[in-house]
Structures are given as C-alpha cells and as structure tokens.
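Asks: pasted the sequence and its predicted model underneath.
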Amino acid sequence: MAFLTRAAREGAGRTAIFLGTSPWASYGELARRVAALAAGLGRLGLVPGDRVLLLQRNAPEYLEAMYAAWWAGLAAVPVNAKLHPREVRHIAGDSAAKVLFAGPEWREGLAAALDGLEPPPRVIESGGAEYRAMAGGSGNAEPAAVAPGDLAWLFYTSGTTGRPKGAMLSHANLAGMTASYFASVDEVPREGRLLHAAPMSHGSGLYTFTHLARGAAQVVPESGGFEAAEVLLLLETHREVTLFAAPTMVRRLTDAARASGLRAPGLRTLVYGGGPMYRADIRDALDVFGPRFAQIYGQGESPMTITALDKEHHADAAHPRHEQRLASVGRAHDGIEVAIRGDDGRGLAVGEVGEICVRGPTVMSGYWKDPEASARALRDGWLWTGDLGALDADGFLTLKDRSKDLIISGGSNIYPREVEEVLLAHPAVAEASVVGRPDPDWGESVVAFVVARGTRPAPAELDGWCLEHIARFKRPKEYRFLDALPKNHYGKVLKSELRRQLSQVNGGAASRAVD
Ligand code: AMP
C-alpha cells in the first residue's frame, strides 16, 4: 500500500476515485477510510496472511475493501460477482477466507454460496451500516509491513474446464507487473484515469496499481459493469483514460461508436487481452478509434504480463509484417522471458509450435493448497502456461490455441483459431468457434459453431469460402448455427460446452453436414 500512502502524502486533495463523472473520494479521504477499514478487520481478529474475499460488482467500495486488506497485511481474494453461488462456495471454502465483503446484489444468493462452510466467513455488506461505521472509524496511520514474497492476491483462474485454482500472487509479483506495464505497454500521466469497465476481480482490478503508483484517478461506471453506451459517454467527459477490455467488449464498443457517432475523445489507451482478438475486429476498432490500442497476453499465473503489442506496433501499418503482428500477441514484456518448448521440455526453434513457457518476476509461486497442480505448472523454474504458440524471428508470439483445443484430424494438426479467423472474415458471420469431434476415420473432424450476422449463410457458401482461404483438410466438415456462443463470465467461449453439445447429439438431426 506504499503507492496509496505516497499518493495521499503528495496530493491529499486530488480525486482518487470518481463514480461516473462525480468525484467520490480524494486521496486523503481514501487513505483515511482504508486505514479505518483495516483497523476494523484487525478488531474482527484477522491477522496478517488471512484471506478476505471480495464479491461484488465494480464499485468504489470494492477498491477500498481491497486496499484495506493490504493495509492490514491480509490477502485479497477477488471473485467474479457473476459466478454461480456453488462456484463462490468452492472459492470461499478453498481459500478459507475469514471475511467476505459482499455487494448488495448478493443479499439473496449469499446463503446458498455459504451453505455448509465450516466456519463460514464473516460477511460484511459493502456500503451497508456496519461497513460505513468501520470506514468512518479511526485507523492506523501506516499500513502493516509486508515482505515482498507475502501473499497479496489469490487469483482464482477463470478456467474453461475444471475447478478454479488459486494462483498465489505476491506483493513482488504485483509490483513486477506494474513496472512491466510502464516499461512495455504505456505510461500513465498524473492526470490519467483508469476506467473500470471490465471486472475488478480480473484485469481491471490488477491495473489499479498503475494509476495508484502515479497518483492518478480511477473511474467506476455507475452501472458497475460494462455498458458500451455508458463507457462512450464517460469517454466524452474524462480525459487521458486507460481501460482494460476483453475482445468482445472492444467489438461492442466499436459497434456502439459507429451507431452513436461518439468517438471517445477521452480515450488514451485501450488495453485488450484475456482472449483471442480477431484481426477483422481489431482492424475495425483501429478504423473507428485510431491507434489507441495495446494488447497484452497474460494469465492469472503471470498476471497481465507475458507479452504486449504496444500502440506503436498497432499504428505501424507500413511495416511489411504489420498484418502478422496484428494477429500476434506481441513481444515479451520487459523483464520477462518467453520460451517455446516441446513436450520433452526441449526449446524449440523460431516458427515451431510448442507450449509457451514464462520466467520472470510476475510468475506466481504456485497454486493455493495444490502442490500437484503447482508442480505441473512450475517446472525447472518456468511457468508452463498450457497455451500453444510460436515465436517469429523478431520475437513476436502468435498463439495457437490451448493444447487441449488443438484438433488432430488424419494426423494433421489444425489450429481452430486459424479456421475461426477465416470464417469471421465472411460478411455473414458474426461469431465463430471451431472444435474437434471424435471421428472413427480421421481421429477428429472439424465442426464450426457459427452465429450469423443477419441472414444465415448456407453451409455450402461457407465451405466454398474456406476452400478459398485455407487448406482443404482444415475446413469444417459440419456447421452448426447458434443464436449465441456459450461464454464464461469473462466472455471466453466455452469450447468444453460446445464439445459437450456435440457429444450429446450423435451426428443426428441437429447437425448439418456440408453437402
Ligand atoms: P486467465 O488466467 O483467466 O486470465 O486466462 C488466461 C488465458 O487467456 C491465457 O492462458 C490464454 O489462453 C488466454 N489469453 C489471455 N490473453 C490473451 C490474448 N491476448 N490473446 C489470446 N488469448 C489470451
């Protein structure tokens, strides 16, 4: 919390948090409230190292409670407020959180989320009477001393399969992440603002440090979530705004800007990541908003920090490899090493596809209470990300889907992403996701799930399109049309769910083979 005390000392009267367009707290007020909340947590019997679970939509109180945990030397466990109560119960039980700050929207669902937990965490409703009394009390002037390796953030990975695991992130990991952002993504001016349009339990919350470190302000939308129209309006008022967004949010912002004519004059930098961005979508976004985009590739295990494609790379349209670069996730962040390794652990050459491995100050120390998963992910001093990719001669990394998403048909590797890129370039395709289906002859065959843009295109039309753009063996053997792709709470397509749908209907009436 050194960032917060420094900002409060250097500019106590400056606004630290806006709610919408209105100032919500100055740095001086924020530091006082955070210190008071921290003292309240101490009175509840929490001791350094204990976990505090945060379960609410984006709100100013979210930031306060998170900072209060750190002020008291505790570890924060930010949980996506859109999770199912059963998922919340798993995280609350696994982390053995002693206190849970819950948003008012959880009043109803909380009993189910805590059912059977022994002992249950002490619940404090964010912004409620007890909370207000705590935040209005008095507190220690200085934050608790922490060691760089102490647990700061237990990051439950969103994961598209299996139970979430808690990546243990230390204060040193988060400091490394912040320094790396300044070095490789963007600077933050003192007048800058961080707009929390994406969930604070994930990337947006992790970026809180960049703005705290500069004594800049943070803006919480009044909706507490992402609404494209609201974001565009906030970007009419605030200036020098940075925001983190998942690729689906970028798509929606671009569409909303086109429809409204608003062009986000206040946007300084939109950092996107967390899932694949399709070339057609980023080109469109660049057309509408100009070169104000940076991409990062990271994962909970090395938060927000593996590679970055900065604004200059986006803008450099004259570069002979500009197109390939736009389809990549950029180069290793400063201070981070990226290597591509084969199954046998051997380093692979430029252009070869293998598992992406990462080493550097941001890499987690392991998964909470899960030595086996930790040993699988952390080997020989490297984090094995589970993502596949290849480096080019300039060090740009291109992702090739997670190992489990790779389709092997007739002995050939097919990267779904490549097929999806082609389908998405078709004007009648709004969204596409490609998975493999077990096939007696081929091992697996390629199936495309498609959301149409307007009138549904004929499978034969899409087949012809694919034949024009990719190798014959890569093209989908079957198309299925959906109104929407199943996604998790961070907007990532749930390929496991698509595979499940395939296994339920055995090549029957619901499937439309290409004919
Ligand atoms: P999480 O731990 O929930 O942040 O998920 C991290 C995973 O999201 C990574 O391992 C990647 O599979 C994926 N991911 C993150 N950033 C990107 C990106 N820029 N492009 C494509 N996939 C990404």
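Replies: Good, I have the coordinates.
Asks: which residues of the protein lie near the ligand?
Replies: For the chain, the residues in contact with the ligand (Cβ under 6 Å from any ligand atom) are 157-158, 273-276, 295, 297-300, 329, 385, 387, 399, 402. C-beta: built from backbone N, CA, C; applies to glycine.
Asks: residue 309: which of those residues is nearest?
Replies: Closest approach to residue 309 among these (Cβ to Cβ): residue 295, at 4.2 Å.
Asks: now the helix or strand containing that closest one: how far from the chain's centre is it?
Replies: For residue 295, the enclosing helix or strand under DSSP states H and E is strand 293-299. Using Cα atoms, centre = their mean, to the nearest Å, the distance from the centre of strand 293-299 to the centre of the chain it belongs to is 9 Å.
Asks: again, but for stretch 434-448
Replies: Per Cα atoms, centre = their mean, the centroid offset for stretch 434-448 relative to its chain is 29 Å.
Asks: so which residues of the stretch 251-400 of the chain form helices?
Replies: Here the stretch 251-400 of the chain has its helices, by DSSP state H, counting those that start in this stretch, at 279-289, 311-315, 322-326, 371-377.
Asks: with mean neighbour count added, can I get those helices in TSV?
Replies: Output for the helices of the stretch 251-400 of the chain, formatted as TSV (neighbours: other Cβ atoms under 10 Å):
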stretch	mean neighbour count
helix 279-289	17
helix 311-315	17
helix 322-326	16
helix 371-377	14
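Asks: all strands of the stretch 351-500 of the chain, in order?
Replies: Using DSSP state E, counting those that start in this stretch, the strands found in the stretch 351-500 of the chain span residues 354-359, 378-379, 382-391, 397-402, 407-409, 412-414, 429-439, 443-452, 478-481.
Asks: re earlier: most surrounded residue in the residues of the chain next to the ligand?
Replies: residue 297 (28 neighbours; other Cβ atoms under 10 Å).
Asks: and residue 365, which of the strands of the stretch 351-500 of the chain is closest to it?
Replies: Residue 365 lies closest to strand 378-379 among the strands of the stretch 351-500 of the chain, at 8.2 Å (Cβ to Cβ).
Asks: what are the pairing partners of the closest one, and which direction each?
Replies: strand 382-391 (antiparallel) (DSSP bridges).
Asks: the partner strand: which residues count as buried?
Replies: The neighbour-count criterion (16 or more other Cβ atoms under 10 Å) identifies 382-385, 387-391 as the buried residues of strand 382-391.
Asks: could I have the CA atoms of that strand written out in PDB?
Replies: Extracted as PDB, the C-alpha positions of strand 382-391 are listed here (Å, rounded to 0.1, in the frame of the first residue of the first chain):
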ATOM      1  CA  TRP A 382       9.500 -21.900 -15.700                       C
ATOM      2  CA  LEU A 383       5.700 -21.400 -15.800                       C
ATOM      3  CA  TRP A 384       4.100 -23.800 -18.300                       C
ATOM      4  CA  THR A 385       1.100 -21.800 -19.500                       C
ATOM      5  CA  GLY A 386      -0.900 -24.600 -21.200                       C
ATOM      6  CA  ASP A 387      -1.100 -22.200 -24.200                       C
ATOM      7  CA  LEU A 388       0.500 -23.200 -27.500                       C
ATOM      8  CA  GLY A 389       2.300 -20.700 -29.700                       C
ATOM      9  CA  ALA A 390       5.300 -19.900 -31.900                       C
ATOM     10  CA  LEU A 391       7.800 -17.000 -31.900                       C
END
